[in-house]
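K.L.:
Have a look at this prediction, sequence included:
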Amino acid sequence: MILGLIPARYASTRLPGKPLVDLGGQSMIERVVRQAQQANLSRVVVATDDERILRHVHGFGGEAVLTRPDHPSGTDRLWEAFQQLGTPAEVHCIVNIQGDEPFIHPAQINALADLFQDPATAPAIATLVKPVVSEEELFSPHLPKVVLNQRQQALYFSRHPLPYQRQHAPADWLQHHRYLRHLGLYAYQPAVLAQLTQLPVSPLEAAESLEQLRWLEAGFTIQCAETELDAFGIDTPEDVEKALLRLGIKPM
């Protein structure tokens, strides 16, 4: 059984009440849930810290659980939600789906879920990567990059372009190397997720502000699946306007 969990926190510095923002007649969290329900998942559950989101999800027929408001990360929220669901033994994979990506494609979720179809060969952790296609992407600190080994496992994540090419000018880097950026979609074996929540913040994580570096420093392997499909996260009112335009709706 593959379980999809969607962390959805009400408080947001730049966009309070973000999961409930209306996008063309549907809330952002409903759009995420509807997209996830089209993927190869046995069950989709929202993990929220707010009664308003809980009631809203139940109102459109979705499943949700109420978690503590003080979790330091979405990973911790997922683990509490999983425990509330009774830690069903038949679940062999938990997919962590970002609650602020209303255009997430079911194929992106399936790219990770497919890695866990056979529990005997399933990775401990998996995540999604995408080829970098522009210089703007390459040098944006908001779009983490990743380098892989020959088994498609992550060696390192950084907000800086990886690798640094000494022999070429930065403007020419994309011509000489195939760069990959990281998309924030994860999948874990339940027992591994339990271990991840016990790890302290690591030096590399603190430096880059990337939680997955904590896992690498602790010795976990992160398998990567590749997609050509982009991600579109919503963090600001400007992002909401862009989302409405994407839906063919002119912002007010």
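P.N.:
Structure received.
K.L.:
Could you report the pLDDT at the residue in the chain sticking out farthest from the centre?
P.N.:
Distance from the C-alpha centroid of the chain, by C-alpha atoms, centre = their mean, peaks at Gln167 (34.2 Å). pLDDT for Gln167: 95.
K.L.:
So for the helix or strand that contains Ala81, what gets flagged as buried?
P.N.:
Counting by DSSP states H and E, the element that carries Ala81 is helix 74-84. Buried residues in helix 74-84, counted by 16 or more other C-beta atoms under 10 Å: Gly74, Thr75, Asp76, Arg77, Leu78, Trp79, Glu80, Ala81, Phe82. Bear in mind the C-beta positions are built from the backbone N, C-alpha and C, glycine included.
K.L.:
before we move on, what about stretch 233-250?
P.N.:
Residues Gly233, Ile234, Asp239, Val240, Ala243, Leu244 are the ones in stretch 233-250 that count as buried (16+ other C-beta under 10 Å).
K.L.:
Just the ones of those residues in helices?
P.N.:
Members of these lying in helices (criterion: DSSP state H): Asp239, Val240, Ala243, Leu244.
K.L.:
that older thread, quick one, which of the buried residues of helix 74-84 has the minimum pLDDT?
P.N.:
Gly74 (80).
K.L.:
give me the low-pLDDT residue ranges for this structure?
P.N.:
Applying pLDDT under 70 to the chain flags the ranges 87-88.
K.L.:
in its sheet, what does the longest strand seen in it sit against?
P.N.:
What stands out as the longest strand in the chain, according to DSSP state E, is strand 180-188. Its sheet considered, strand 180-188 pairs with strand 93-96 (antiparallel), strand 125-131 (antiparallel), strand 145-148 (antiparallel) by DSSP bridges.
K.L.:
roughly how far is the first one from the heart of the chain?
P.N.:
With C-alpha atoms, centre = their mean, to the nearest Å as the basis, the distance from the averaged C-alpha position of strand 93-96 to the chain average is 10 Å.
K.L.:
contacting residues around it?
P.N.:
For strand 93-96, the external contacting residues (C-beta atoms under 8 Å, 6 or more residues apart in numbering) are 1-5, 7, 41, 74-75, 78, 82, 109, 112-113, 116, 122, 185-190, 193.
K.L.:
Please give the centre-to-centre distance between the next helix-or-strand element following that strand and its chain.
P.N.:
Following strand 93-96 in sequence order, the next helix or strand is helix 106-113 (DSSP H and E). Mean-position distance between helix 106-113 and its chain equals 12 Å (C-alpha atoms, centre = their mean).
K.L.:
which parts of helix 106-113 are buried?
P.N.:
In helix 106-113, counting by 16+ other C-beta under 10 Å, buried: Pro106, Gln108, Ile109, Asn110, Ala111, Leu112, Ala113.
K.L.:
and if you look at stretch 23-35?
P.N.:
Quick answer for stretch 23-35 (16+ other C-beta under 10 Å): Leu23, Ser27, Met28, Ile29, Glu30, Arg31, Val32, Val33, Gln35.
K.L.:
quick one: the fifth one and Gly62 touch, right?
P.N.:
Yes: with contact defined as C-beta atoms under 8 Å, Glu30 and Gly62 form a contacting pair (7.1 Å).
K.L.:
shouldn't Arg52 be in contact with Pro16?
P.N.:
No: using C-beta under 8 Å, Arg52 makes no contact with Pro16, being 11.3 Å away.
K.L.:
what do these two both touch?
P.N.:
Tyr10.
K.L.:
contacting residues for Ser42?
P.N.:
In this structure, Ser42 makes contact with Met1, Ile2, Leu3, Val91, judged by C-beta under 8 Å, 6+ apart.
K.L.:
ditto for Ala225
P.N.:
Ala225 is in contact with Ala111, Leu112, Asp114, Leu115, Ala126, Thr127, Leu128, Val129, Gln152, counting by C-beta under 8 Å, 6+ apart.
K.L.:
what do you get for Thr127?
P.N.:
Residues near Thr127 by C-beta under 8 Å, 6+ apart: 112, 154, 182-187, 212, 222-225.
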